[in-house]
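*Asks:* Model the structure of this input:
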Amino acid sequence: PSLQAKRLGEAKEVVLNRPEIGEARLALAYYDWSILESDRALAEPKEAEKLLPNAGEVWQVRAIIYRPQNKMRERIAALRRAEILDPRDTNGLRLLAMTLRDVRDWSEAEQTADRVRALLPGPHQHWKYHRAWDAVRRTGKLDPLKPELARAPAGPARAPSECQRSFQSQPPCHQHRSPS
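*Replies:* Residues are numbered from 1 along each chain as shown. Here you go, the predicted structure:
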């Protein structure tokens with residue numbers, strides 16, 4: 001069987017044999033989301049919330065499911081709830097910053113990005129370009145980006161760092177906590 005089918009079978013087995021494990025509900029939600037069954041996927045976080053009432057990840061999963069449904073208000077509300085439950089989780093804050101950019105709430109996106117920067121250890125060079133890119137998106141002019149590009153180091157292209165990959169559209173738990 002495929003890896004996806006194996007994961008589904010394992011999650012269903014855990015839900016049947018140990019129904020008190022909320023993470024299994026989240027695994028089922030990710031599976032349903034991956035096969036585009038978003039209504040069914042949204043039912044699982046509701047069950048997981050009963051078992052994991054203080055877990056921000058439950059709300060992040062909801063936010064991930066809301067994205068393809070284009071329910072941006074619900075997505076933002078879910079990410080804000082996740083932020084309340086786990087204010088130091090940079091995965092949820094990154095998703096929130098990107099979502100706020102998508103809805104063109106520039107000041108909130110910038111404030112959220114500042115919080116991510118404050119939480120991440122060490123230098124994160126790619127973050128310095130986000131303000132410039134936001135200005136380009138806001139105004140349609142490339143002027144804010146030109147000084148940043150002039151200061152950018154020249155050289156061969158590198159593979160994206162883990163932090164840069166996190167800005168791609170993968171759910172946060174797939175980056176660090178992939179189910180075995």
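
*Asks:* Work out which residue lies at the spatial centre of the chain.
*Replies:* For the chain, the residue nearest the mean C-alpha position is Leu95 (3.9 Å; C-alpha atoms, centre = their mean).

*Asks:* quick one: contacts for it?
*Replies:* Going by C-beta atoms under 8 Å, 6 or more residues apart in numbering, Leu95 touches Gln60, Ala63, Ile64, Leu79, Pro172. The way it works is simple: take the backbone N, C-alpha and C, and place the C-beta from them, glycine included.

*Asks:* I figured the first one was touching Ala82, is that so?
*Replies:* Yes. Counting by C-beta atoms under 8 Å, Ala82 is a contact partner of Gln60 at 4.9 Å.

*Asks:* Could you pull out the residues contacting both of those two?
*Replies:* Asp89, Gly92.

*Asks:* Determine the three-state secondary structure at the residue nearest to the centre of the chain.
*Replies:* Here Leu95 is recorded as helix under DSSP: H, G, I helix; E, B strand; the rest coil.

*Asks:* ok, now Ala154?
*Replies:* Strictly by three-state DSSP, Ala154 counts as coil.

*Asks:* so how far is Pro144 from it?
*Replies:* Applying C-beta to C-beta, to the nearest Å, the value for Ala154 to Pro144 is 21 Å.

*Asks:* Settle it for me: which of those two has more neighbours?
*Replies:* Pro144 (15 against 4; other C-beta atoms under 10 Å).

*Asks:* nearest residue to the more buried one other than its sequence neighbours?
*Replies:* Nearest residue to Pro144, sequence neighbours excluded (C-beta to C-beta, 6 or more residues apart in numbering): Ala135, at 3.7 Å.

*Asks:* distance of that neighbour from Glu110?
*Replies:* 10 Å.

*Asks:* With Val61 instead?
*Replies:* 26 Å.

*Asks:* Lowest-scoring secondary structure element of the protein by mean pLDDT?
*Replies:* helix 172-176 (a mean of 42; mean pLDDT, DSSP states H and E).

*Asks:* What about Cys70, how many residues nearby?
*Replies:* Quick fix: residue 70 is Asn, not Cys. Neighbours around Asn70, by other C-beta under 10 Å: 8.

*Asks:* No further questions, thank you.
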